[in-house]
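Novice: Following is a predicted model, sequence given first.
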Amino acid sequence: MHIIGITGFLLAAYAVVGNDVIQTLGTFLSSNTKRHWALLWGYASLILVGTLFLGWYFNDGDVTYDRLSRIPLPDHLQWWHVLPPLVLLGVTWIGLPVSTTFLILSVFSSGQVIEKMVLKSAIGYAVAFVSAFLIYFLIARRFESKTAIDRMEVKKNKKWWLVGQWFSTGFLWSQWLIQDFANIFVYLPRHLQLYELAASTAVILALLALVFRSRGGRIQEIVKQKTNSANIRSATLIDLTYGIVLYFFTIINPIPMSTTWTFVGILAGREYAINQLLQRHLIRDTYKKIFRDLYKVNLGLMISIVVAILIRMLLK
């Protein structure tokens with residue numbers, strides 16, 4: 001493997017894990033604050049290793065589940081190919097939930113593939129928003145009202161809710177990994193040898209440990225700001241809804257998509273439904289939250305496009 005490819009992989013892994021993992025595991029961390037981070041990390045690590053190995057075994061060494069089939073590895077990687085993960089590290093540090101899919105993959109993709117990624121991601125946001133809104137419009141009074149939460153305080157440690165949350169988190173985590181492995185492994189050969197798989201897995205697990213130990217870092221704030229996201233029932237339903245939406249788009253086609261947009265859509269639809277039913281006096285603040293999150297993800301898209309244009313100018 002080329003030294004630039006290895007460098008790009010390390011930077012992309014660090015940036016993607018730091019920026020995107022919280023979309024998937026943020027509610028899991030919020031509702032398990034009393035549990036040691038190593039236990040949570042161990043659970044997530046088992047699923048990650050299993051998902052990686054299954055992709056590698058059943059796809060002839062391709063751990064991205066065919067997500068990079070239309071995005072070939074360049075014959076010669078140049079120094080500017082590592083600019084996207086560097087930019088991603090910067091925006092992650094200030095807490096912006098940008099799309100790593102656009103930021104990293106756009107540098108390697110043709111204009112046609114980028115258009116398909118944007119379209120699929122926009123549809124993903126819409127489907128996620130509508131799905132979350134409909135689900136929470138039906139269940140918000142029973143699960144998210146103050147009275148319901150007060151009743152739940154005594155029973156929130158019921159084993160079946162705990163099992164349900166860990167199951168939904170595991171399902172979501174596996175679906176997210178299938179989508180986002182492409183953002184990390186785009187710098188490496190499309191078909192990995194066993195030793196390459198082992199080395200790359202060790203790197204990702206180490207980075208994941210840092211995220212769990214810091215309890216998510218700054219990106220976690222986008223989860224904490226949402227209503228009742230630390231409640232175990234709320235966390236379970238958020239994760240299950242998010243996982244089902246990702247699974248739906250996984251089976252449609254192998255075009256990569258922005259899981260960030262889907263994540264923001266889930267939270268926005270949920271927040272809107274809850275406030276429509278239970279907190280109408282806060283509806284204006286809800287609109288502000290939705291548009292602020294939309295502004296952030298669209299800012300990430302614009303940053304991605306600018307970086308891609310600058311790199312293409314360098315290529316010329």
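Specialist: Arrived safely, thanks for sending. Just so it is clear, the model here is predicted, and its values are computed rather than measured.

Novice: S304 contacts L103, doesn't it?
Specialist: Yes: counting by CB atoms under 8 Å, L103 is a contact partner of S304 at 4.2 Å. All C-beta spots, glycine's among them, are computed from the backbone N, C-alpha and C.

Novice: how far does whatever helix or strand L119 lives in sit from the chain's center?
Specialist: Using DSSP states H and E, the element containing L119 is helix 111-143. The chain centroid and the centroid of helix 111-143 are separated by 14 Å, computed with CA atoms, centre = their mean, to the nearest Å.

Novice: where exactly do the helices run in the stretch 101-250 of the chain?
Specialist: Shown for the stretch 101-250 of the chain, the helices assigned by DSSP state H, counting those that start in this stretch span residues 111-143, 146-155, 159-185, 194-213, 221-224, 232-252.

Novice: Give me the distance between the two termini of stretch 62-80.
Specialist: End-to-end distance for stretch 62-80, by CA to CA, to the nearest Å: 25 Å.

Novice: buried residues in that stretch?
Specialist: 62-65, 67-68, 70-71, 77, 80 (16 or more other CB atoms under 10 Å).

Novice: one step back: compare S304 and L103 (neighbour count), which wins?
Specialist: Ranked by neighbour count (other CB atoms under 10 Å), S304 and L103 place L103 first, with 30 against 27.

Novice: wait, that one sits on M302?
Specialist: No: using CB under 8 Å, L103 makes no contact with M302, being 10.4 Å away.

Novice: For the residue lying closest to L197 once chain neighbours are set aside, the count of nearby residues, please.
Specialist: Excluding the flanking residues, the one nearest L197 by CB to CB, 6 or more residues apart in numbering is W56, at 5.3 Å. For W56, the count of nearby residues is 22 (other CB under 10 Å).

Novice: Just the mean pLDDT for the helix holding L119, thanks.
Specialist: In this model, helix 111-143 has a mean pLDDT of 86.

Novice: Output the below-cut-off pLDDT ranges for the protein.
Specialist: 1, 92-98, 141-158, 215-231, 278-284, 286-287, 297, 300, 312, 314-316 (pLDDT under 70).

Novice: Next, work out how far apart the residue nearest to L197 and T64 are.
Specialist: W56 is 10 Å from T64, where distance means CB to CB, to the nearest Å.

Novice: swap in F185?
Specialist: Taken as CB to CB, the span from F185 to T64 is 5 Å.

Novice: ditto for Y195
Specialist: Following CB to CB, the distance that separates Y195 from T64 is 18 Å.

Novice: circling back: thinking the residue nearest to L197 is in contact with P189, fair?
Specialist: No: here W56 does not reach P189: they are 12.0 Å apart, not a contact under CB under 8 Å.

Novice: that older thread, show me what the helix holding L119 is packed up against.
Specialist: In terms of contacts (3 or more CB pairs under 8 Å, 6 or more residues apart in numbering; DSSP states H and E), helix 111-143 is packed against helix 100-105, helix 232-252, helix 259-277.

Novice: One more pass at 6 Å, please.
Specialist: helix 232-252, helix 259-277 (3 or more CB pairs under 6 Å, 6 or more residues apart in numbering; DSSP states H and E).

Novice: returning to that earlier point: please convert the helices of the stretch 101-250 of the chain to JSON lines, extending it with distance to L277.
Specialist: Shown next, in JSON lines, are those (distance: least, CB to CB, whole Å):
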{"stretch": "helix 111-143", "distance to L277": "5"}
{"stretch": "helix 146-155", "distance to L277": "12"}
{"stretch": "helix 159-185", "distance to L277": "22"}
{"stretch": "helix 194-213", "distance to L277": "34"}
{"stretch": "helix 221-224", "distance to L277": "21"}
{"stretch": "helix 232-252", "distance to L277": "14"}
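
Novice: buried ones in the host helix or strand of P84?
Specialist: If you go by DSSP H and E, P84 is part of helix 83-93. Using 16+ other CB under 10 Å as the test for burial, helix 83-93 gives 83-85, 87-88, 91-92.

Novice: before we move on, back to that, kindly format the C-alpha coordinates of whichever helix or strand the residue nearest to L197 is part of as CSV.
Specialist: When elements are assigned from DSSP H and E, W56 belongs to helix 37-58. The C-alpha trace of helix 37-58 is given here as CSV (Å, rounded to 0.1, in the frame of the first residue of the first chain):
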residue,chain,number,x,y,z
TRP,A,37,-17.2,3.2,28.8
ALA,A,38,-15.2,0.1,28.3
LEU,A,39,-18.3,-2.1,28.5
LEU,A,40,-20.1,0.0,25.9
TRP,A,41,-16.9,0.0,23.7
GLY,A,42,-16.6,-3.7,24.0
TYR,A,43,-20.2,-4.2,22.8
ALA,A,44,-19.8,-1.8,19.8
SER,A,45,-16.4,-3.4,19.0
LEU,A,46,-17.9,-6.9,18.7
ILE,A,47,-20.5,-5.7,16.2
LEU,A,48,-17.9,-3.7,14.3
VAL,A,49,-15.5,-6.7,14.0
GLY,A,50,-18.3,-9.0,12.9
THR,A,51,-19.6,-6.5,10.3
LEU,A,52,-16.2,-6.0,8.9
PHE,A,53,-15.3,-9.7,8.7
LEU,A,54,-18.6,-10.6,7.1
GLY,A,55,-18.2,-8.0,4.4
TRP,A,56,-14.6,-9.1,3.8
TYR,A,57,-15.5,-12.8,3.7
PHE,A,58,-18.6,-12.7,1.5
